[in-house]
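1. Pasting a predicted model and its sequence here:
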Amino acid sequence: MKKISRLIMVLFLMAATGSIITTVQAQTKQEKLVTNSKEAKAAFIKSDKLMNSLFKDSYAYAIFPSIGKGGMGIGGATGNGVVYEKGEMVGTANMVQVSIGFQFGGQAYREVIFFESEESLDKFKNDKLKFAAQASAVAVTEGASANAKYQEGVMVFTQQKGGLMYEASIGGQKFTYKGLEEKEEEEDN
């Protein structure tokens with residue numbers, strides 16, 4: 001009987017420890033994502049000082065500090081980001097892109113999406129924002145944001161981090177948003 005109760009106690013402690021480790025890893029992963037998004041924001045502003053006003057004046061923005069992209073005929077890209085509304089973090093997002101056409105190589109880049117209004121942010125939060133990145137993103141260079149305009153309530157900028165990609169393809173990006181309250185509920189379960 002003592003052996004069974006010890007076994008139960010050991011199993012219980014292992015389960016509790018596993019749960020704590022998973023929670024700490026999730027927090028650490030999110031903290032790293034937040035830190036990386038702040039570094040990406042600084043990199044965008046360093047490349048184009050005028051972007052500082054976009055970060056201050058937009059209703060909201062989503063920063064994807066590192067998106068990995070690769071392809072050979074069929075390509076894909078993915079990355080995680082942080083969503084800020086009126087300067088406050090409200091959630092995280094995942095971006096997935098699939099493209100078809102002539103392409104070869106791999107690259108890493110940053111992306112920031114500015115939202116003009118609560119309505120455009122709500123589209124994003126409700127997974128209703130999809131677009132072809134090649135057609136709607138502006139590569140960040142000094143002064144690039146000066147003439148940029150919102151299209152359907154969003155403005156997108158990218159900044160290459162590294163790699164080399166040859167591409168003449170079509171594809172689109174899809175986003176999945178997860179609010180902070182949703183993350184807390186998952187952690188409680």
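-> Done, it's in. Please read all numbers here as calculations on a predicted model, not as lab measurements. Numbers count the residues shown, from 1 in each chain.
2. ok, now how distant is Leu50 from Arg110?
-> Distance of Leu50 to Arg110, given as C-beta to C-beta, to the nearest Å: 17 Å. In short, each C-beta sits where N, CA and C put it, glycine included.
3. typed the wrong thing, it's Gly172
-> 19 Å.
4. Among Leu50 and Arg110, which residue is more densely surrounded?
-> Between Leu50 and Arg110, counted using other C-beta atoms under 10 Å, the more crowded position is Arg110 (25 against 14).
5. shaky segments in the chain?
-> The model of the chain has pLDDT under 70 over residues 1-27, 102-104, 130-144, 146, 162-171, 182-189.
6. show me where it has helices.
-> Remark: helices assigned in the chain by DSSP state H are 2-47, 51-57, 118-125, 133-136, 180-188.
7. Please enumerate residues in contact with the second one?
-> Counting by C-beta atoms under 8 Å, 6 or more residues apart in numbering, helix 51-57 makes contact with 41, 44-45, 61, 87, 114, 140, 145, 155, 157, all of which sit outside it.
8. So which of those sit within strands?
-> Among the contacts of helix 51-57, the residues falling in strands (DSSP state E) are 61, 114, 155, 157.
9. any idea what sits nearest Phe64, other than its immediate chain neighbours?
-> Nearest residue to Phe64 in three dimensions, chain neighbours excluded: Gly81, at 3.6 Å (C-beta to C-beta, 6 or more residues apart in numbering).
10. same check, this time on Val34
-> Once flanking residues are discounted, Val34 sits nearest to Val82: 5.7 Å by C-beta to C-beta, 6+ apart.
11. The one you found against Thr92, yeah?
-> Yes - taking contacts as C-beta atoms under 8 Å, Val82 lies within contact range of Thr92: 5.8 Å.
12. intersection of neighbour lists for those two?
-> Leu33.
13. Quick check: the farthest pair among the contacts of helix 51-57?
-> Gly87 and Val140 (20.4 Å; C-beta to C-beta).
14. More neighbours: which of the two?
-> Val140 (24 against 10).
15. Phe115 - how many residues pack around it?
-> Here the number of neighbours of Phe115 (other C-beta under 10 Å) works out to 25.
16. partner residues bridging it?
-> Applying DSSP bridges to Phe115 gives these bridge partners: Ala60, Val154.
17. What distance do you get for it to Val34?
-> Taking C-beta to C-beta, one finds Phe115 at 19 Å from Val34.
18. Name the nearest residue to Gln97, ignoring sequence neighbours.
-> That would be Ala77: by C-beta to C-beta, 6+ apart, it lies 4.0 Å from Gln97.
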